[in-house]
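> I would like to see how this sequence folds:
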Amino acid sequence: MKEVTVTIGRQNGSGGREVGKILAEKMGLPCYDWEIVEETARKYGKTVDEIERTEERARTKSTIYFYGVPSANPVFAQQAEVIREFASRGPAVFVGRSADYVLSDRKDVVNVFVTAPMADRIKRSAARNGISEKDAYKRIREKDAGRADYYLRFTGRTWGDASNYHITLNSGPIGVEGVADMILDYISRMKSE
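You can find the predicted model right below:
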């Protein structure tokens, strides 16, 4: 494995987005996060708001499965296509958007999930969003529930389940910089095997 692509799933407020940016910078790779939404909107003639509204509706509808097969959604399929296109350009870091599932057929991908203690997540979310800790807690619970439902709905897998990832890291004790360094160490060890 010469070069790798990294996907980062994350709990809300865990610092996963920051980990992705730090990691991409350290690896000299592009980091795709919001760019996935923007490119999906551009490519398929939609607005970013339309994509967001469709995602929100998908997160709040009850999950329907037929014999264990995840349900379909045009926006999910379109974003998956954009993720695959970005990945075909070369190694990169992908934050969210179920990229671990979308790229699961590739051998050159390392899937990471970032978690953190609730107290740390509340402080990070309150500071980042300029809200009270009570509102941050509510926001975290809603975002996490939405991500879990969305992931289950479109992948048929449980969001945050360690078996879906190569490595799960807690940013609480070591911070986002420490998590990025541990991912780099993991990649280095994988390359040497």
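
> Tell me, how many residues neighbour residue 28?
Other residues near residue 28 number 7, with proximity taken as other Cβ atoms under 10 Å. All C-beta atoms are positioned from the backbone trio N, CA, C, and that covers glycine.

> likewise the one 4 residues further on?
Per other Cβ under 10 Å, the neighbour tally for residue 32 reads 26.

> what's near enough to touch it?
The neighbours of residue 32, taking Cβ atoms under 8 Å, 6 or more residues apart in numbering as the test, are 83, 86, 92, 93, 94, 95.

> Closest to residue 9 out of these?
If you rank these by distance to residue 9 using Cβ to Cβ, residue 95 comes first, at 8.5 Å.

> how much space between the closest one and residue 32?
Distance, residue 95 to residue 32, using Cβ to Cβ, to the nearest Å: 7 Å.

> re the thing from before, out of the contacts of residue 32, list just those in helices.
Within the contacts of residue 32, residues falling in helices by DSSP state H are 83, 86.

> how about the helices in the protein?
Ranges of helices within the chain are 16-27, 34-43, 48-60, 74-88, 99-102, 118-129, 133-155, 171-192, based on DSSP H.

> Select the helix or strand of the protein having the lowest average pLDDT value.
Averaged element by element with mean pLDDT, DSSP states H and E, the chain has its least confident helix or strand at helix 48-60 (a mean of 71).

> And stretch 41-51, what's buried?
Using 16 or more other Cβ atoms under 10 Å as the burial criterion, the residues of stretch 41-51 that qualify are 41, 44, 46, 51.

> ditto for stretch 131-147
Residues 136, 137, 139, 140, 143, 144, 146, 147 are the ones in stretch 131-147 that count as buried (16+ other Cβ under 10 Å).
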